[in-house]
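Peer 1: Okay, structure incoming, though there's no sequence with it:
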């Protein structure tokens, strides 16, 4: 039996695979809301039962939060770990959904068939592509392609509070040759991709206090320091006129692209004009000596996510506020040290404020960037397998967001992560009317079969 036989079986069994996904999607496994705790438990049970039926040695593992699902199969060849998450985001605002988010259906659209429902793309549909590939493999060949460990989480959408302790406690069981993560997408909804760069994330909230109480702006305006004015000046100083971030030492550890990767990114022909047009913008606002893809994937950022102070209600109130606040986040790359950046940022802000101002800081997370070493044979084999399935050359790409699990695999388990996903830009993950294209589901299953075949040769 050959790979072609497995691919043919996937094609034949697609209706049954779709129905299994719809069944999983009907479970409202919203991890952040305690009201759905039993449903998260039910989703874990569903996966345990499905994997058990395949012949996987699998169990539901308790945590202080929602359970992990861990399973093992095979005893020969390379040892792969597959990670996915079975929890989903809340569905609010419910009135913007065209149907019950937990009554999923296959719908016909102008662009083709889609699977509509919460979790269809993030991440239940993606998770099931891998399981269905193995189901077809076992049905055709009667055995497994290699050793595989399943590691399925139920708290990804609520900050993964149990993840790191669980990984540390079970590190020996979870260590493998490579970790496969299916929680990403196609580049511009058409080009298959392996994400090799993930930005880290640092969050800071600051409160600047000037007068001890809110003041009448007629009596005190002009003579008293306004904390909004002081804070605005600090925020304006975080970037220079070219878009470069001015925090001392900020660019320590920021690498330059290799010539090969830069050429590959240029070959993607990214249309940044359309990318910005879609959100009502036109001019790239990052470092002006960098390409748009570098701004999104391989360069660090400093962004103000919120700023407030004084009277913000309807009408007008001539108040000089006592306090002003801002939330600022940093996306990090390379080997930038989030703790060093936090310290330098706080020192810069404190030094820039007038003597009559005091500042308090509150941290909101600090995680470094992660990047995969693509020099190994497995990465190129997987890239070629994706190219063969989609008939488009697959690319190594970056990701502007942060997926901490990739770094945890490296730092806790010493395992290189490989991120392969089939989501599309218009999947509306985390939003009303989330969907997963039937093409993504079908070709995603076929892609994993090809990747498994390539990685075991």
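Peer 2: Thanks, I have the structure now. What you see is a predicted model, and the numbers here were worked out from it, not measured in a lab.
Peer 1: alpha carbons only for contacts and neighbour counts from here, please
Peer 2: Fine.
Peer 1: Buried residues in stretch 415-426, which are they?
Peer 2: 415-424 (16 or more other Cα atoms under 10 Å).
Peer 1: I misspoke; the intended subject was stretch 217-233.
Peer 2: Taking 16+ other Cα under 10 Å as the criterion, stretch 217-233 shows 217, 225-228, 230-231 as buried.
Peer 1: if you look at the buried residues of stretch 415-426, which of them are in strands?
Peer 2: Counted as lying in strands by DSSP state E, out of these, are 416-420.
Peer 1: Residue 11: which of the residues you listed is nearest?
Peer 2: residue 420 (20.6 Å; Cα to Cα).
Peer 1: List the residues that contact the closest one.
Peer 2: 180-185, 193-195 (Cα atoms under 8 Å, 6 or more residues apart in numbering).
Peer 1: got the contact list for the residue most central in space within the chain?
Peer 2: A centroid search over the chain (Cα atoms, centre = their mean) returns residue 403, at 4.3 Å, as the residue closest to the centre. Applying Cα under 8 Å, 6+ apart to residue 403 gives the contacts 198-199.
Peer 1: how close does it get to residue 135?
Peer 2: Distance, residue 403 to residue 135, using Cα to Cα, to the nearest Å: 28 Å.
Peer 1: Run a quick check on residue 273 versus residue 282, I expect a contact.
Peer 2: Yes. Counting by Cα atoms under 8 Å, residue 273 touches residue 282, with 6.1 Å between them.
Peer 1: list the buried ones in stretch 204-215?
Peer 2: 204-211, 214-215.
Peer 1: So which of these sit within strands?
Peer 2: Short answer: the buried residues of stretch 204-215 in strands (DSSP E) are 204-209, 215.
Peer 1: pLDDT added to the residues you listed, as CSV?
Peer 2: Shown next, in CSV, are these (pLDDT from 0 to 100):
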residue, pLDDT
204, 97
205, 97
206, 98
207, 98
208, 98
209, 98
215, 96
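Peer 1: Can you name the two of these that sit furthest apart?
Peer 2: 204 and 215 (27.4 Å).
Peer 1: what residue ranges in the protein score low on pLDDT?
Peer 2: For the chain, no stretch is flagged by pLDDT under 70.
Peer 1: What are the structural domain limits within it?
Peer 2: What automatic domain parsing lists as the domains of the chain is 3-198+369-455, 202-254+300-367.
Peer 1: Nearest to residue 261, out of those domains?
Peer 2: domain 3-198+369-455 (7.6 Å).
Peer 1: what's the first-to-last distance across that closest one?
Peer 2: Termini of domain 3-198+369-455 sit 13 Å apart (Cα to Cα).
Peer 1: Then stretch 387-406?
Peer 2: OK, stretch 387-406 end separation, Cα to Cα: 23 Å.
Peer 1: May I see the buried residues of it?
Peer 2: In stretch 387-406, counting by 16+ other Cα under 10 Å, buried: 387, 389-390, 393-406.
Peer 1: what do you get for stretch 182-196?
Peer 2: 182-187, 190-196.
Peer 1: same question, stretch 39-50
Peer 2: Quick answer for stretch 39-50 (16+ other Cα under 10 Å): 39-45, 47-48.
Peer 1: For residue 407, which residues are in contact?
Peer 2: Contacts of residue 407 (Cα under 8 Å, 6+ apart): 368-371, 417.
Peer 1: Just flag the most distant two among these.
Peer 2: 368 and 417 (15.0 Å).
Peer 1: Residue 37 belongs to a helix?
Peer 2: Yes. Assigned with DSSP: H, G, I helix; E, B strand; the rest coil, residue 37 falls within a helix.
Peer 1: show me the contacts for it.
Peer 2: 29-31, 66.
Peer 1: Select from those the one having the most neighbours.
Peer 2: residue 29 (30 neighbours; other Cα atoms under 10 Å).
Peer 1: Going along the chain, name the strands of the stretch 301-450 of the chain.
Peer 2: 301-309, 319-320, 323-332, 358-367, 370-371, 395-399, 416-420, 435-437 (DSSP state E, counting those that start in this stretch).
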